[in-house]
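Trainee: Dropping the sequence and predicted coords here.
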Protein chains: 2
Amino acid sequence: MIKFNRTTEYGLMALRHMSRKQLMDPSEVTSAREVADTYGLPFEITAKTLLRLKDSGLIQSAHGAKGGYTLQKSLEQISLAEFLDLMEGRQSLVACAIDSDESLLDCAYGNRCEIKHVMGRLNEKVARFLSGIQLSEITQESFNKGSSP
Amino acid sequence: MIKFNRTTEYGLMALRHMSRKQLMDPSEVTSAREVADTYGLPFEITAKTLLRLKDSGLIQSAHGAKGGYTLQKSLEQISLAEFLDLMEGRQSLVACAIDSDESLLDCAYGNRCEIKHVMGRLNEKVARFLSGIQLSEITQESFNKGSSP
DNA sequence: TGAAATCGGACTCTAGCTATCGTATATCAG
DNA sequence: CTGATATACGATAGCTAGAGTCCGATTTCA
């Protein structure tokens, strides 16, 4: 149903880590090794995740020793919908309602199912919901109250 | 990310089918064979799906020839959150934020990740969103009331 | 020159979704 | 009573995407 995959999760953790680190000193760089070690994540996947974030333009990279990544876009400028799109690819709620005009002729179920456009509506509703959430909302600490340590 | 699995999709199609059929004559029964044939779905899975809906109390069954299923609860009484819970089991957005108190000690990532309760908040936000959607909204043809098209 | 970093491809492993088969039981029509 | 059509249920195989691993190449700093 509704579940982030691991790379999305890793990506959020990395962005949050970098965001907090650069809060004081914006020139601070973060390596994949640092993120992986800090949170106990598998290095290879963490590296791939950060690379993907870089290819998407969310962060920028510096090669070589003392290299690493720095935030390029403000996390307030990125919606959760956009982020999920980058990390997991655009997907539809149901098999018959992928919002591509050409890949779908009528309906996966022999066009006897009229549910398609109805699900399309629901799909848009979800998309609007996700677009209304900024990454900064997620990565920031303080929009909550006392949950125990 | 956000994607229904097939049984959920089949379930929605079946419920919609039954709902429209019973609109005129509430005593009409619907068999798994009928649903499967109408929409070109695999019979076995359709049958299992309807059985699941019956076990969940959404529909009721009649054995034997001329038997089949009838709606038991109004689709306005069922939220999408509830339905997804029944069909796919309760799930969390992220691995570290499953809302079970006992199964999770600190955090899947060696409790060095403070993102858990933040994700928990997001999780609740999504749950509220899904709880606000009724199945009748999805299964009915036009639901443009209120929201902009 | 070597250590540490990004970059990239190819691969295995696995869980969960999807589908199929076989069988038992219940009910109605004739 | 018998056959047709239902639900009910378990076992199992196939498939796909997610998750992780392995190996190597390139770049940069000290």
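Mentor: Sure, I can see it.

Trainee: Where do the helices of chain A begin and end?
Mentor: Counting by DSSP state H, chain A has helices at residues A:6-24, A:32-39, A:43-55, A:80-88, A:116-131, A:135-139.

Trainee: List the contacts of the third one.
Mentor: So that's helix A:43-55. Here helix A:43-55 makes contact (C-beta atoms under 8 Å, 6 or more residues apart in numbering or on different chains) with A:6-7, A:10-11, A:14-15, A:32-33, A:35-37, A:59-61, A:69, A:86-87. (Each C-beta comes from the backbone N, C-alpha and C, glycine too.)

Trainee: touching DNA strand C at all, that helix?
Mentor: Yes. Applying C-beta under 7 Å from any atom of the strand, one finds helix A:43-55 touching DNA strand C at A:44, A:47-48, A:50-51, A:54-55.

Trainee: before we move on, what about the longest one?
Mentor: No. With C-beta under 7 Å from any atom of the strand as the threshold, helix A:6-24 lies outside contact range of DNA strand C, at a closest distance of 9.9 Å.

Trainee: related to what we said a few turns ago, for the helices of chain A, could you give me JSON lines that also reports distance to residue B:132 and mean pLDDT?
Mentor: Listed next are the helices of chain A as JSON lines, based on distance: least, C-beta to C-beta, whole Å; pLDDT from 0 to 100:
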{"stretch": "helix A:6-24", "distance to residue B:132": "24", "mean pLDDT": "92"}
{"stretch": "helix A:32-39", "distance to residue B:132": "33", "mean pLDDT": "94"}
{"stretch": "helix A:43-55", "distance to residue B:132": "32", "mean pLDDT": "96"}
{"stretch": "helix A:80-88", "distance to residue B:132": "18", "mean pLDDT": "91"}
{"stretch": "helix A:116-131", "distance to residue B:132": "10", "mean pLDDT": "82"}
{"stretch": "helix A:135-139", "distance to residue B:132": "19", "mean pLDDT": "88"}
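
Trainee: Out of the ones you listed, flag the one nearest residue B:73.
Mentor: Of all the helices of chain A, helix A:116-131 sits nearest to residue B:73, with 19.8 Å by C-beta to C-beta.

Trainee: what's the neighbour count on the closest residue in space to residue A:14 that isn't next to it in sequence?
Mentor: Leaving aside its sequence neighbours, residue A:14 sits nearest to residue A:35 (C-beta to C-beta, 6 or more residues apart in numbering or on different chains; 4.8 Å). With neighbours defined by other C-beta atoms under 10 Å in any protein chain shown, the count for residue A:35 comes to 25.

Trainee: isn't residue A:35 right next to residue A:42, touching?
Mentor: No. Residue A:35 is beyond contact range of residue A:42, at 10.9 Å (criterion: C-beta atoms under 8 Å).

Trainee: What's the separation between the residue nearest to residue A:22 when sequence neighbours are not counted and DNA strand C?
Mentor: Excluding the flanking residues, the one nearest residue A:22 by C-beta to C-beta, 6+ apart is residue A:28, at 5.3 Å. Applying C-beta to the nearest atom of the strand, to the nearest Å, the value for residue A:28 to DNA strand C is 13 Å.

Trainee: Please list all residues in contact with the nearest residue in space to residue A:15 that is not next to it in sequence.
Mentor: Computed as C-beta to C-beta, 6+ apart, the closest residue to residue A:15 that is not its neighbour in sequence is residue A:139, at 5.8 Å. Counting by C-beta under 8 Å, 6+ apart, residue A:139 touches A:12, A:15-16, A:19, A:75, B:115, B:118.

Trainee: Tell me the one of those residues nearest DNA strand C?
Mentor: For these, the residue nearest DNA strand C by C-beta to the nearest atom of the strand is residue A:15; the value is 13.7 Å.

Trainee: what's the distance between the spatially most central residue of chain A and residue B:119?
Mentor: In chain A, the residue lying closest to the centroid (C-alpha atoms, centre = their mean) is residue A:83, at 3.3 Å. Separation of residue A:83 from residue B:119 (C-beta to C-beta, to the nearest Å): 14 Å.

Trainee: so what sits against both of the two?
Mentor: residue A:12.

Trainee: rewinding a little: list buried members of the contacts of helix A:43-55 by neighbour count.
Mentor: A:7, A:10-11, A:14-15, A:32, A:35-36, A:59, A:61, A:69, A:86-87 (16 or more other C-beta atoms under 10 Å in any protein chain shown).
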